[in-house]
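Asks: I'd like to go over a predicted model; first the sequence, then the structure.
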Amino acid sequence: MRPLWPIERAVLEATAHDYPAFADDIRRQAETAQVTEFENSGAGFFSTVSVTPDAPLLPDKLPLDGAYGSVEGIEHGMGFVVFLEGGRLSLIEGYCHGNVSTGGVDFSAVKFDVKPWSASQS
């Protein structure tokens with residue numbers, strides 16, 4: 001297990017922004033989150049997440065619109081979705097806009113600018 005990388009943490013913060021009714025609970029779960037598995041799929045990534053059992057539960061709304069933004073090396077940017085299981089954060093998915101490979105992207109240190117989905121509506 002490992003702590004969240006900056007891009008994963010930014011996605012969860014952007015998600016919290018767009019769900020104000022339970023933003024504090026998302027943030028509290030994010031504080032305890034550990035990544036148990038990570039896969040760079042070549043078209044994005046999947047981060048399987050585990051949070052402590054005493055973290056406040058979230059409504060089982062699936063999936064949560066996470067974020068969008070620019071990611072260094074990804075020409076048309078990426079979108080992000082957050083999944084819950086049993087009221088707990090369980091998966092962060094990042095996907096490319098366009099036919100671009102993420103094979104050479106180091107998501108642990110990549111430069112990015114992630115924004116809440118609601119910012120795309122303005």
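Replies: All right, it came through fine. This one's a predicted model, so the numbers in the text were calculated from it and none came from an experiment.

Asks: shaky segments in the chain?
Replies: 121-122 (pLDDT under 70).

Asks: next SSE after the biggest strand by length in it?
Replies: Longest strand in the chain, counting residues (DSSP state E): strand 74-85. Proceeding N to C from strand 74-85, the next assigned helix or strand is strand 88-96, under DSSP states H and E.

Asks: just the buried positions in that next one, please.
Replies: 88-90, 92-94, 96 (16 or more other Cβ atoms under 10 Å). (Glycine included, C-beta is placed from N, CA and C.)

Asks: now do stretch 54-68
Replies: 55, 58, 64-68.

Asks: hmm, back to that, okay, the buried residues of strand 88-96 in CSV with distance to Asp24 next?
Replies: Formatted as CSV, the buried residues of strand 88-96 follow (distance: Cβ to Cβ, whole Å):
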residue, distance to Asp24
Arg88, 15
Leu89, 14
Ser90, 19
Ile92, 19
Glu93, 23
Gly94, 24
Cys96, 31
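
Asks: what's the burial count for the closest residue to Gly98 other than its chain neighbours?
Replies: Here the nearest residue to Gly98 in space, its sequence neighbours aside, is His76; by Cβ to Cβ, 6 or more residues apart in numbering that works out to 4.0 Å. Number of residues near His76 (other Cβ atoms under 10 Å) recorded here: 11.

Asks: ok, His76 - contacts?
Replies: His76 makes contacts with 96-98, 100, as judged by Cβ atoms under 8 Å, 6 or more residues apart in numbering.

Asks: could you redo the last one with a cut-off of 7 Å?
Replies: Taking Cβ atoms under 7 Å, 6 or more residues apart in numbering, we find His76 in contact with 97-98, 100.

Asks: tell me how far it lies from Gln29.
Replies: Here His76 is placed at a distance of 30 Å from Gln29 (Cβ to Cβ, to the nearest Å).

Asks: also Met1?
Replies: 15 Å.
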